[in-house]
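Trainee: predicted model, plus sequence, below.
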Amino acid sequence: MSLPSALNRDRAPSLPSNLDALRSRIESIAQKSNARAVGVALHDTETGVELRYEADRWFHGASTIKVAILLAVYGEIDSGRLVPQSRLHVRNRFLSAYDGSPFRVLADRDADSEVHAAIGKTMRVNELALHMIATSSNLATNLLLDLIGLDAVQRTIDRFGLTGLDVKRGVEDERAFQHGIINRVTADGLVALLGLIAEERAYSPQLSREMLDILHQQEFKKGIPARLPREVRVAHKTGDISTVAHDAGVVYAPGRKPYVIAILTEWSPDAGHRSSTIASLSHAVYEHLRGAPEHG
C-alpha cells in the first residue's frame with residue numbers, strides 16, 4: 001500500500017527502527033484480547049513507514065463506511081450538484097437494497113436523537129454530514145445516501161482507485177443483511193480513504209478541510225484517542241455493532257506530520273474489552289512512531 005503525498009514528497013524518510021517489534025506487539029495484544037480477528041494498517045506521512053497486519057482481511061464495515069459516503073457527498077458538492085447549505089426533508093422511510101421493500105431506522109438503535117427529532121422538518125446537507133460522522137447518526141446516513149445514491153458512492157470509490165471498500169446498502173437495512181448484502185471494509189481500504197482526505201488529494205483544500213473538520217468532531221473516543229496524550233488530535237470514525245468494533249483516523253501529534261491508521265476487530269457477541277483493545281493497539285503504534293519504549 002502506498003500513499004504518495006504532498007505531505008512527504010519533500011523529505012527523505014527517516015524510518016523508526018525495528019518494525020518487527022511493533023508487529024510483534026500488535027500480535028501480542030491481538031492474541032491476549034481474544035478477538036476473533038484483528039486487522040491493522042498504518043501509513044506515516046512523517047517517515048514513510050507503513051505497516052500491515054491482516055490489513056487486506058474483509059470485515060463488516062459497521063459505521064466506518066460512513067467515511068466513504070462523506071467523500072461521495074463532498075464529491076457532489078465539488079461538482080456543483082450540491083451545496084453544503086442545501087436543505088433536505090428529514091423523513092424515516094427508505095427502500096431495501098435487496099427488494100425495494102420499505103424500512104425505517106429505529107430511534108432506539110440510533111446513536112443520535114437530534115436527527116430523529118427533526119423528522120418532518122428540513123436539515124442542511126452539511127448538518128447531516130456532521131451528524132453522520134460525529135454522532136454516527138444512521139438516519140442522517142440514510143438520508144444522505146438516498147440523496148446521492150449508492151451509485152455515486154461506487155463512482156467515487158472507482159474514481160480514486162480505492163479498494164477494500166464495499167458499500168452495498170444503507171444502515172439498518174435488515175432485509176438486505178439477511179440476504180447477504182453487507183457493507184465491508186479492510187484496514188488497507190480505510191487508510192487509503194482517510195489518506196486521500198488528509199492529504200487533500202480528493203477535492204479542493206477547502207472541501208478537504210471541511211471533511212477533516214467533521215472527522216475531528218467525532219464524539220466516540222474510547223478507541224484510537226483513548227490512551228494518547230491530551231495534546232494529540234484525532235480525526236476519525238468509529239464503527240461498533242454486536243460482532244465488530246473499529247476505529248480509523250488521522251492522528252496529529254505536535255511537532256510531526258500526521259499518520260493514518262485503521263484498527264478493525266471482530267468479536268463474539270458477548271465479548272468485552274473491545275474499545276480497550278483498540279486503544280492499546282493505537283497506543284503501541286503511537287509509542288513506536290514516537291520512538292519511546294512500548295508498554296502494554
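Mentor: Perfect, thanks for sending it.
Trainee: now Val232: closest residue in space, sequence neighbours ignored.
Mentor: Ala253 (4.8 Å; C-beta to C-beta, 6 or more residues apart in numbering). Using the backbone N, CA and C atoms, a C-beta is placed for each residue, glycine as well.
Trainee: where is the longest helix in this structure?
Mentor: Criterion DSSP state H: the longest helix present in the chain is helix 274-290.
Trainee: need the phi and psi values for the residue sitting furthest away from the middle of the chain.
Mentor: Going by C-alpha atoms, centre = their mean, the residue of the chain most distant from its centre is Gly120, 29.4 Å out. Main-chain torsions, Gly120, degrees, to the nearest 10: phi 90, psi -10.
Trainee: again, but for Gln31
Mentor: Note on Gln31: backbone dihedrals following degrees, to the nearest 10 are phi -70, psi -40.
Trainee: quick one, helices of the stretch 151-296 of the chain?
Mentor: Remark: helices assigned in the stretch 151-296 of the chain by DSSP state H, counting those that start in this stretch are 174-178, 187-198, 205-216, 274-290.
Trainee: may I see those helices organised as CSV, with distance to Gly239, mean neighbour count and mean pLDDT added?
Mentor: Shown next, in CSV, are the helices of the stretch 151-296 of the chain (distance: least, C-beta to C-beta, whole Å; neighbours: other C-beta atoms under 10 Å; pLDDT from 0 to 100):
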stretch, distance to Gly239, mean neighbour count, mean pLDDT
helix 174-178, 15, 15, 96
helix 187-198, 9, 27, 98
helix 205-216, 13, 17, 97
helix 274-290, 11, 21, 97
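Trainee: format the ones you listed as CSV; extra columns: distance to Lys237.
Mentor: CSV is the format used below for the helices of the stretch 151-296 of the chain (distance: least, C-beta to C-beta, whole Å):
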stretch, distance to Lys237
helix 174-178, 20
helix 187-198, 8
helix 205-216, 6
helix 274-290, 13
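Trainee: so which of these gets nearest Trp58?
Mentor: Of all the helices of the stretch 151-296 of the chain, helix 187-198 sits nearest to Trp58, with 9.1 Å by C-beta to C-beta.
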